[in-house]
Every structure is written in C-alpha cells, then in structure tokens.
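In: Sharing a model that was predicted from the sequence below.
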Amino acid sequence: MADSGFSKNLRLLNAAEYETVFENAQIKASCHYLLVLAISNHGPRPRLGMVIAKKHVSSAVQRNRIKRQIRESFRHIAEKLPGMDLVVLARKDADKLDNKELASKLNILWKDIANSC
C-alpha cells in the first residue's frame with residue numbers, strides 16, 4: 001500500500017517544471033474536457049502535474065474532485081508509462097463530467113499518450 005500514494009517523486013513540483021512541459025510538449029492528447037501535454041524526463045518514472053483553473057471550474061469542490069480523479073487514474077496507469085513529465089489541463093465544463101465519465105476520458109488519454117511514445 002505504500003506505493004499507492006502520490007509522493008513527491010511522482011509530481012511536478014515547481015513552476016519551472018511546468019513551464020518546461022508547456023514550452024516543449026512533444027506529445028499531446030486531448031478530448032473536449034481535458035488536455036494532456038507530455039515530454040520525456042529521462043527518468044525511471046512518469047511525473048504528473050495538474051492545472052485546474054478557477055476560470056474553467058469555478059467550484060473548489062469540483063476542482064478537488066477532478067484532481068482526485070486524475071491522481072487515482074494516474075496511479076493505476078503510471079507503471080505502464082515511460083519516464084515522462086505530464087501536465088493535465090482541465091478545460092471548460094470539465095466539472096460537468098461525473099467520476100465514471102472522467103475516469104473513462106482519462107483512460108483514453110493515457111492510452112493515447114502511451115501509444116505515442
């Protein structure tokens with residue numbers, strides 16, 4: 001169970017790391033509600049960053065729910081992804097998805113990213 005958390009070595013931690021992904025995104029996958037950007041990090045594990053803007057998802061409860069779902073989905077797929085930095089951006093109306101739909105969309109995006117590597 002110790003590996004089931006979201007430790008610091010699985011996260012993008014500062015603005016410079018996010019900026020690197022935004023400026024140099026090699027792989028992109030998207031749907032109407034989410035966008036995933038990715039670059040190789042030359043490390044052993046993938047790392048995740050999330051951008052859930054208040055402009056797009058106004059309710060803090062919904063922003064936190066979306067983040068929890070993204071983290072959980074990433075936890076299940078992380079072993080199948082190569083060493084890369086990923087940023088998931090929520091688009092407008094992402095809060096309209098229920099948890100099941102959100103998980104389904106994320107699984108499709110993770111598979112697109114994995115196939116693009």
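Out: Now that the structure is in, tell me what you want to look at.
In: can you pull out the helices in the protein?
Out: Here the chain has its helices, by DSSP state H, at 15-24, 60-77, 99-116.
In: Give me the buried positions along the first one.
Out: Translated: helix 15-24. 17-18, 21 (16 or more other CB atoms under 10 Å). To be clear about C-beta, it is placed using only N, CA and C from the backbone, and glycine gets the same treatment.
In: Please apply the same query to stretch 79-99.
Out: Here stretch 79-99 shows 81, 84-90, 94-95, 97 as buried, counting by 16+ other CB under 10 Å.
In: Take the residues you listed and keep only those in strands.
Out: 84-90 (DSSP state E).
In: Residue ranges in this protein under the pLDDT threshold?
Out: For the chain, applying pLDDT under 70 flags the ranges 1-4.
In: Could you list the buried residues of stretch 94-114?
Out: 94-95, 97, 102-103, 105-106, 109-110, 112-114.
In: Need the contact partners of it.
Out: 27, 29-31, 33-34, 36, 38, 52, 56-59, 62-63, 65-66, 69-70, 72-74, 77, 80-81, 84, 86, 88 (CB atoms under 8 Å, 6 or more residues apart in numbering).
In: what does stretch 28-43 give?
Out: By CB under 8 Å, 6+ apart, stretch 28-43 touches 20-22, 24-27, 47, 82-91, 93-94, 96-97, 102, 105-106, 108-110, 112-113, 116.
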